[in-house]
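J.: From the sequence below, what's the structure:
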Amino acid sequence: SGLAKVIQKVFEDRGRPNGFIAGEEISGAFVVGLRYGNGTLNRKTDGTAKVYWQGPSVGFDFGGNASKVFTLVYGLESTEDLFQRYPGVEGSFYFVAGVGVNYQQGGDVILAPVRTGVGLRAGANVGYLPQDVELFAGAVKDNIARFHELENEEVSQEVIRAAELAGVHDLVKGLPNGYETDIGEGGAVLSGGQRQRVALARALFGDPSFLVLDEPNSSLDNDGEEALFRALATLKEAGRTLVMIAHRPRALDHVDKILVLRGGRVEMFGPREEVLERLTGSRTAVPKVTAGADAPGQPA
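T.: Modelled structure (predicted):
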């Protein structure tokens, strides 16, 4: 299997490790962002210790949404030596059948994190809805299609499918020139909620495998929220992976796992019901929440 070949490759390169970390992590970056993780360090000499980490994520790791990660540790003399920065070792990436590893070194300590599903980093079909929506002067259809050339009926139908999934098709048809309507610089012709729904259609254009939504319902009315939640349900049923940053509680009804950040650090991470129960019992203010939704049957 791909996993066995990757482990064998690490052993050939580095020999047998003197420790390992078994854990899971979540990555919700758009182009560049952070990966957060937690796990258990296992060493023969020191036993076990709980560890947490965060680091840069460039591109998207399909399956990085609350995925399992197994890290081989080399040159670790004491548990305290683990807690430092680990730059990547140039040219060390190795990938087989959806499983990849790259070496990271800090001083004498070398980490070899093994992750699955990393192939999408090389060019994933990704949809992104930012919190601050930017639309451009031009037709609605061109904004949804990200100004790709629309030369045939098939692509035009793809625009309509994205608009229907985002629940904005009827709204667009009601505009003076339908999908040909020029919405002006920044989408000035549209209201804030309408701009967000058109931007959602843009994120859904091309049937993305991985969708990142930053406060997707911040400007939506009830109808817009219902359209958003229907789209999320449809995408999950279709096997898509979703990451959503949210403050409004209604959005959390549609996720499987929740990551809570406070001061840029992971405070809670786990199944939705478990984390919400802990948040409800907490007397402190609710910090930023990153929520993950997994396709049926996929690991969280």
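J.: For the helix or strand containing E164, list the C-alpha coordinates in PDB.
T.: If you go by DSSP states H and E, E164 is part of helix 153-165. Extracted in PDB, the C-alpha atoms of helix 153-165 (Å, rounded to 0.1, in the frame of the first residue of the first chain):
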ATOM      1  CA  GLU A 153     -23.400  26.000 -23.600                       C
ATOM      2  CA  GLU A 154     -21.900  23.400 -21.300                       C
ATOM      3  CA  VAL A 155     -20.000  26.000 -19.300                       C
ATOM      4  CA  SER A 156     -23.000  28.200 -19.200                       C
ATOM      5  CA  GLN A 157     -25.000  25.400 -17.700                       C
ATOM      6  CA  GLU A 158     -22.200  25.000 -15.100                       C
ATOM      7  CA  VAL A 159     -22.700  28.600 -14.100                       C
ATOM      8  CA  ILE A 160     -26.500  28.000 -13.700                       C
ATOM      9  CA  ARG A 161     -25.900  24.800 -11.700                       C
ATOM     10  CA  ALA A 162     -23.600  26.800  -9.300                       C
ATOM     11  CA  ALA A 163     -26.200  29.500  -9.000                       C
ATOM     12  CA  GLU A 164     -29.000  27.000  -8.300                       C
ATOM     13  CA  LEU A 165     -26.900  25.300  -5.600                       C
END
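J.: elements contacting it?
T.: Applying 3 or more CB pairs under 8 Å, 6 or more residues apart in numbering; DSSP states H and E, we find helix 153-165 packed against helix 140-144, helix 169-173, helix 192-204. C-beta: built from backbone N, CA, C; applies to glycine.
J.: Restricting to C-alpha, output the first one in CSV.
T.: Taking only C-alpha atoms (Å, rounded to 0.1, in the frame of the first residue of the first chain), the coordinates of helix 140-144 have been written out as CSV:
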residue,chain,number,x,y,z
VAL,A,140,-23.1,38.1,-13.1
LYS,A,141,-22.2,35.1,-15.1
ASP,A,142,-18.6,36.2,-15.5
ASN,A,143,-18.3,36.8,-11.7
ILE,A,144,-19.7,33.3,-11.0
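J.: can you give me how far it is from the chain middle?
T.: 24 Å (CA atoms, centre = their mean, to the nearest Å).
J.: picking up where we left off before, if we go by neighbour counts, what in the helix holding E164 is buried?
T.: The neighbour-count check on helix 153-165 (16 or more other CB atoms under 10 Å) flags E158, V159, I160, R161, A162, A163, E164, L165 as buried.
J.: need the helices and strands packed on helix 153-165 in JSON lines with mean neighbour count and distance to H254, can you?
T.: What follows is the helices and strands packed on helix 153-165, written out as JSON lines (neighbours: other CB atoms under 10 Å; distance: least, CB to CB, whole Å):
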{"stretch": "helix 140-144", "mean neighbour count": "24", "distance to H254": "23"}
{"stretch": "helix 169-173", "mean neighbour count": "18", "distance to H254": "21"}
{"stretch": "helix 192-204", "mean neighbour count": "24", "distance to H254": "14"}
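J.: Of the ones you listed, give the one that comes closest to Y128.
T.: When the helices and strands packed on helix 153-165 are compared by CB to CB, helix 192-204 sits nearest Y128, at 5.7 Å.
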